[in-house]
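[1] Generate coordinates for the sequence data below:
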Amino acid sequence: MDNKYVKETRCVKTSRVFPTDVNNHETLFGGRLMSHIDDIASISASKLCRVTAVTASTDSVDFLLPIRQTDSVSLEAFVSWTGKRSMEVFVKVIREDLRTGERRIAATAFLTFVGLGDDNKPVFVPQVIPETDEEKKLFETAEHRKEMRGIRREQSKAFADFLLTKYPWE
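    Now for the predicted structure:
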């Protein structure tokens, strides 16, 4: 299995914000943006491993600026780090005011994906090689995010054991 450059996993998607995409504040629905994020991240993950890639977790989505109807929204995704069977995908969301041309970071997200073989079991994934300063920074800081994901996952499992599965009326 050959290593791949981060740029080989890079994807870009640009969309116009339509009236059906916005909430009562006239800004893009967060859930709509999250759907776009998961979609492009899954493409990036599949470009790395060339097998089915499934979302293992959405580690974070940070909404930094509202996205308005007068904006376009561009999502740029790439695999920022790889483990043995999992990969971290970074998604940068850029809003562009279509009237002025001003571009600003509106959101960032980190997701974890696992590549699955034909038997639906995790497979080894190629390692990524960062080249740009942005890619290197994300790669260098990935180990800390991985540790935080592990802690959060264990906490989520413990919390799930506490939760009830009965119907509320039972």
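[2] all strands for this structure, in order.
    Taking DSSP state E as the criterion, the chain carries its strands at 4-5, 11-16, 52-63, 71-82, 86-97, 103-116, 128-129.
[3] now the first one, how far from the centre of its chain.
    To tie it back to what came earlier, the one meant is strand 4-5. In terms of CA atoms, centre = their mean, to the nearest Å, the centre of strand 4-5 is set 18 Å apart from its chain centre.
[4] try the second one
    Put simply, strand 11-16 sits 14 Å off its chain's centre (CA atoms, centre = their mean).
[5] got it, and the third one?
    The gap between the average C-alpha position of strand 52-63 and the chain average comes to 5 Å, counting by CA atoms, centre = their mean.
[6] same thing with the fourth one?
    Its chain's average C-alpha position is 7 Å from that of strand 71-82, according to CA atoms, centre = their mean.
[7] Kindly export that strand (C-alpha atoms) in CSV.
    C-alpha atoms of strand 71-82 as CSV (Å, rounded to 0.1, in the frame of the first residue of the first chain):
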residue,chain,number,x,y,z
ASP,A,71,-23.1,34.2,0.1
SER,A,72,-21.8,31.2,-1.6
VAL,A,73,-20.4,28.4,0.6
SER,A,74,-17.3,26.5,-0.4
LEU,A,75,-16.2,23.4,1.4
GLU,A,76,-12.6,22.2,1.1
ALA,A,77,-11.8,18.8,2.6
PHE,A,78,-8.7,16.6,2.8
VAL,A,79,-7.3,13.8,4.9
SER,A,80,-5.2,15.5,7.5
TRP,A,81,-3.9,12.4,9.3
THR,A,82,-4.1,8.6,9.2
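[8] Nearest to residue 151, out of the strands of the chain?
    The closest approach between residue 151 and any of the strands of the chain, judged by CB to CB, belongs to strand 52-63 at 11.6 Å. To be clear about C-beta, it is placed using only N, CA and C from the backbone, and glycine gets the same treatment.
[9] List the neighbouring strands of the closest one plus their orientation.
    Sheet pairing of strand 52-63 (DSSP bridges) gives strand 103-116 (antiparallel).
[10] Figure out which of the strands of the chain is closest to residue 30.
    Residue 30 lies closest, by CB to CB, to one member of the strands of the chain: strand 52-63, at 6.3 Å.
[11] Could I get the buried residue list for the closest one?
    Of the residues in strand 52-63, 52-53, 56-57, 59, 61, 63 count as buried by neighbour count, 16 or more other CB atoms under 10 Å.
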